[in-house]
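Engineer: The following comprises the amino acid sequence and a computationally predicted model.
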Amino acid sequence: MDVTFFFDPACPHTWRTSRWLVTVGQARDLRIEWRAFSLAILNEGRGAPKFAEAIAASSRALRLVEALRAEGRGDDAARFYAELGARSHDAGNPLSDRAVADAVDAAGLRADAPALDDDRWDEAVRESHALAYASAGPDIGSPVLTLPDADRGVHGPIVTEVPDAEEALLLWDALLPLVRMPAFHEIKRGRR
């Protein structure tokens, strides 16, 4: 893979960043690996009742993402996430089990739907999450981006809106040397 994108489908910032990366991937012919980063795991023991439904739906979706990855079906995982994001974030709705089911159908993955409720995939989700966290942590969230030729990954980039193709490529070109630089730690500005 040229880049690995660890994501939690419940996060709207992650969704926008993923659309940025898809734009870059198409323009630069990048192979993107889609992996699980779990906000449920990240926040274990901290309870977030306001987001409980979205986090539960996300946990089910991440099982399917890891099941597809295990079979080398990255394109199917990408299509599933695209359908899921369109039904939740683009539509202005929190992630739900209904959105997950509709995304499975729209992505043509009905035969793979049993993975959603198969807790045997929870270990694969935990392993993926741990890999992302070890790469870019501590004090990070979703998404995490890693490159095969970089020692560490990064949390983000976080974008407030999906940049157009020209700005998407400018951001990618600026990010690459930072990700590859071992001494680089962080750039941040407050959200409005």
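Structural biologist: Alright, I've got the coordinates.
Engineer: How many neighbouring residues does the nearest residue to residue 25 once chain neighbours are set aside have?
Structural biologist: Spatial nearest neighbour of residue 25, excluding adjacent residues (Cβ to Cβ, 6 or more residues apart in numbering): residue 32 at 5.1 Å. For every residue, glycine as well, the C-beta is placed using N, CA and C. Residue 32: 21 surrounding residues under other Cβ atoms under 10 Å.
Engineer: can you check residue 134 too?
Structural biologist: 12.
Engineer: Equivalent analysis for the one 3 residues further on, please.
Structural biologist: The number of residues packed near residue 137 is 15, by other Cβ under 10 Å.
Engineer: buried ones in the helix ranked longest in the chain?
Structural biologist: Ranked by residue count and defined by DSSP state H, the top helix of the chain is helix 52-70. Within helix 52-70, the residues scored as buried using 16 or more other Cβ atoms under 10 Å are 54-69.
Engineer: same thing with stretch 23-36?
Structural biologist: Within stretch 23-36, the residues scored as buried using 16+ other Cβ under 10 Å are 23-25, 32-36.
Engineer: pretty sure residue 147 is touching residue 181, no?
Structural biologist: No: under the criterion of Cβ atoms under 8 Å, residue 147 is not in contact with residue 181, lying 11.5 Å apart.
Engineer: Outside of the helix or strand residue 15 falls within itself, list whatever touches it.
Structural biologist: Following DSSP states H and E, one finds residue 15 within helix 12-28. The contact list for helix 12-28 (Cβ atoms under 8 Å, 6 or more residues apart in numbering) reads 2-3, 5, 7-9, 30-32, 78, 81-82, 85, 88-90, 142-143, 145, 156-163, 165, 168-169, 171-172.
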